[in-house]
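*Asks:* sharing a sequence plus its predicted fold:
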Amino acid sequence: MGKDGGFSLIELLLVMVLSAIVFVVAAPRWPGDEITLQSQADQLSADLDLARALAISRGESITIQRATTPDSYTLTDSSGTPLYPSTQLDGISLQTFSITFDPYGNPGSADQEIALSHHDARMSLRVVGESGVVIWL
């Protein structure tokens with residue numbers, strides 16, 4: 001600081017350069033992708049629970065599966081009729097999956113895994129065979 005009480009051009013440039021360095025280092029670690037992925041995985045988990053509950057309450061098989069685009073999925077009844085419009089995930093890619101809950105809410109004997117991704121962030125859900133319980137991996 002000079003005798004006039006203001007900042008010199010060198011001091012202002014130094015602050016700008018340091019701010020830019022902090023931004024470049026911190027930006028890739030910003031939690032936005034992980035928060036988006038987490039909220040969309042929560043939605044899918046809730047819809048898996050809904051599919052299971054619908055199968056039990058209706059006494060028929062209910063299928064939840066990835067739709068034709070990698071960022072959406074749909075619930076259908078035993079005749080293949082969609083129960084709701086396809087759920088669109090915001091910027092999330094899903095692997096191809098199809099899980100059918102029988103009238104007792106069981107998805108089959110084998111565990112089934114669903115992978116979600118958003119940019120570099122990845123997350124998986126597992127539907128436990130025999131029980132239909134959804135767990136995070």
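*Replies:* Here it is on my side, so go on. What you see is a predicted model, and the numbers here were worked out from it, not measured in a lab. Residues are numbered from 1 along each chain as shown.
*Asks:* what bits of the chain have low per-residue confidence?
*Replies:* 1-4, 26-35 (pLDDT under 70).
*Asks:* next, count neighbours for residue 109.
*Replies:* 7 (other C-beta atoms under 10 Å). Glycine gets a C-beta too; all of them are placed from N, C-alpha and C.
*Asks:* I'd assumed residue 132 was in contact with it.
*Replies:* No - using C-beta atoms under 8 Å, residue 109 is not in contact with residue 132; the gap is 11.6 Å.
*Asks:* mind naming the longest helix for the chain?
*Replies:* helix 32-58 (DSSP state H).
*Asks:* buried ones in it?
*Replies:* 33-34, 36-38, 40-41, 44-45, 47-48, 51-52, 54-56 (16 or more other C-beta atoms under 10 Å).
*Asks:* could you do stretch 73-82 as well?
*Replies:* By neighbour count with 16+ other C-beta under 10 Å, stretch 73-82 contains the buried residues 73-76.
*Asks:* okay, now residue 84: neighbour count?
*Replies:* Neighbours of residue 84 using other C-beta under 10 Å come to 10.
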